[in-house]
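> Got a sequence here, can you build the structure:
(one chain, ligands or ions: 2)
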Amino acid sequence: MMKPIVLLGSTGSIGTQTLDVCRSHPDRLHVRGLSAHSRVAELAQQAKEFRPTYVVITDETKRDAVGSATFPSGTILLWGQDGIDELVTRADADTVVAAMVGAAGLRGTIRALEARKNVALANKETLVVGGPLVTELAQRNGCTLLPIDSEHSALWQCLQNGRKEEVSRVILTASGGPFRTRPIETLAEATIDEALAHPTWNMGPKITIDSATMMNKALEVIEAHWLFQMSTDQIDVVIHPQSMVHSMVEYQDGSVIAQISPPDMRLPIQYALTYPERLPGPCRKLNLKERSTWEFAEPDGARYPALRLGYEVIRRGGTSGSALNAANEVAVERFLQRSIRFTDIVSLCEAILSRHPFVAKPTLEDLMQVDRWARQEAGLWTPSV
Ligand code: NDP
Ligand code: MG
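Ligands and ions are numbered 1, 2, ... in the order given. Modelled structure (predicted):
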């Protein structure tokens with residue numbers, strides 16, 4: 001059965017791997033729309049190959065870089081966030097893949113759900129910022145949120161082995177990032193190149209820095225809470241440097257079901273797009289004849305202070321996810337611009353989270369207002385000496 005899809009963020013790490021999955025299944029997956037922010041030449045190349053009905057460029061400053069011959073003649077070019085709204089509403093697609101980075105992905109997901117499309121979600125920031133609104137909207141409109149994040153895809157697969165009320169806890173694995181064994185007192189001096197050198201995954205820069213601070217796992221704890229309705233005491237995190245076990249579910253009889261495969265995002269992407277079927281795909285297979293050791297350890301709170309912020313956001317609810325996410329986006333950007341040190345990222349996030357103008361039951365506009373406030377404050381924040 002042919003599934004028509006729209007892919008938001010097609011030029012990124014998840015975007016290009018999604019197109020790789022589409023390339024492996026031309027008889028099953030058809031690309032009806034693509035969006036990119038700034039990489040116009042890459043988007044044009046993708047449009048030539050996949051012939052979507054629509055393409056969107058969200059960075060409107062690129063208008064001058066686009067000539068009449070940039071895209072194939074049958075492809076309609078749209079611009080900006082309004083273009084995304086039009087794409088997800090008008091495209092004749094069953095599923096929208098949300099692979100943009102950051103809170104910029106929230107509006108597109110909401111519009112897609114309003115248009116009664118299923119959403120294959122890589123963009124975890126969407127649930128961190130707007131978890132209750134997004135999950136409620138999906139439920140009200142009878143749409144499915146299909147997780148792409150590898151840990152959540154793993155949990156989704158493991159949860160099919162029992163009933164929800166039989167689950168005692170979920171266990172998210174974390175690689176520990178590039179600084180797992182580095183002396184803690186030297187972390188403040190960590191360089192951009194060191195923080196971008198992830199040991200097991202090749203991802204976009206924002207999530208790679210998030211993995212080094214472990215803010216990524218904090219965001220994933222929140223994501224698991226919203227996707228699977230788990231309380232804070234049902235979500236555990238364990239360090240597993242080899243990234244082979246992508247997450248686990250423990251049932252009340254003590255049985256633990258794990259999802260295991262070599263690290264390759266094309267597997268969870270393909271599962272989200274072909275669910276409930278499992279098809280042969282482009283991913284490397286597990287080979288247990290290769291000598292290997294898999295380790296598991298408790299995360300050290302002193303090394304990874306970001307992790308507890310994820311639990312705090314679940315406990316406080318309201319606008320706290322929006323504040324944490326916006327603060328973190330700015331902090332990562334400032335670290336990449338050398339305006340703050342590596343360890344300042346989490347200090348900045350904690351400061352903004354603790355003093356943001358909290359609203360307990362926010363509307364979308366409240367969330368956006370806190371997002372704007374937090375970005376502004378995070379831009380002005382200076383480390384205390
Ligand atoms: P990348 O930085 O590689 O790609 C981001 C994509 O979003 C690009 O297509 C980019 O366009 C587009 N984009 C950037 N800024 C904006 C904006 N303001 N508005 C609209 N589009 C924008 O990121 P990743 O692919 O690594 O990550 C995407 C999402 O998936 C993130 O939320 C991340 O947390 C999540 N994720 C990623 C994983 C991975 O392995 N990479 C694993 C699990 C989750 P352009 O490049 O043209 O400027
Ligand atoms: Mg993940």
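> Up against ligand 1, what does this structure have?
9-15, 36-39, 58, 99-101, 104, 122-125, 149, 201, 203-204, 206-207, 265 (Cβ under 6 Å from any ligand atom). All C-beta spots, glycine's among them, are computed from the backbone N, C-alpha and C.
> Show me which of these are buried.
Buried subset of the residues of the chain next to ligand 1 (neighbour count, 16 or more other Cβ atoms under 10 Å): 9-15, 36-37, 39, 58, 99-101, 104, 122-125, 149, 201, 203, 206-207, 265.
> Endpoint to endpoint, stretch 181-189 covers what distance?
This stretch, stretch 181-189, spans 15 Å end to end (Cα to Cα, to the nearest Å).
> Which residue is the nearest non-sequential neighbour of the residue in the chain that ligand 1 sits nearest to?
With Cβ to the nearest ligand atom, the shortest gap between the chain and ligand 1 falls at Gly12, namely 1.9 Å. Of all residues not flanking Gly12 in the chain, Gly204 sits nearest, at 5.2 Å (Cβ to Cβ, 6 or more residues apart in numbering).
> Same question for Arg116.
Asn141 (5.1 Å).
> OK, contacts around the closest residue to Thr213 other than its chain neighbours?
The shortest distance from Thr213 to any non-neighbouring residue, by Cβ to Cβ, 6+ apart, is to Ala306 (4.9 Å). Ala306 makes contact with 213-215, 217-218, 345-346, 349, according to Cβ atoms under 8 Å, 6 or more residues apart in numbering.
> Please list which of the buried ones among the residues of the chain next to ligand 1 are also close to ligand 2.
Asp149 (Cβ under 5 Å from the ion).
> Where does the protein get nearest to ligand 2, which residue?
Here the residue of the chain nearest ligand 2 is Asp149; by Cβ to the ion that distance is 4.2 Å.
> mind checking how far Pro26 is from Leu309?
Distance, Pro26 to Leu309, by Cβ to Cβ, to the nearest Å: 43 Å.
> Counting neighbours, go ahead and name the busier of these two.
The residue with more neighbours, out of Pro26 and Leu309, is Leu309; 23 against 11, by other Cβ atoms under 10 Å.
> Spell out which parts of the chain neighbour ligand 2.
Residues of the chain lying close to ligand 2 by Cβ under 5 Å from the ion are 149-151.
> switch to 8 Å and redo it
Proximity of the chain to ligand 2 (Cβ under 8 Å from the ion) is limited to residues 124, 149-152, 207, 216-217, 220.
> how close does Asn328 get to Val101?
From Asn328 to Val101 the distance is 12 Å (Cβ to Cβ).
> same deal with Arg315?
Using Cβ to Cβ, we find Arg315 at a distance of 26 Å from Val101.
> now do Asn287
33 Å.
> Helices of the stretch 251-385 of the chain, start to end?
Under the criterion DSSP state H, counting those that start in this stretch, the stretch 251-385 of the chain contains helices at 266-274, 307-316, 320-336, 344-354, 364-380.
> Quick check: which of those helices is nearest to Leu77?
helix 266-274 (25.0 Å; Cβ to Cβ).
> Can you spell out which helices and strands pack onto that closest one?
With contacts taken as 3 or more Cβ pairs under 8 Å, 6 or more residues apart in numbering; DSSP states H and E, helix 266-274 sits against strand 3-8, helix 13-24, strand 95-98, strand 118-121, strand 145-147, helix 150-158.
> switch to 6 Å and redo it
Judged by 3 or more Cβ pairs under 6 Å, 6 or more residues apart in numbering; DSSP states H and E, helix 266-274 is in contact with helix 13-24, helix 150-158.
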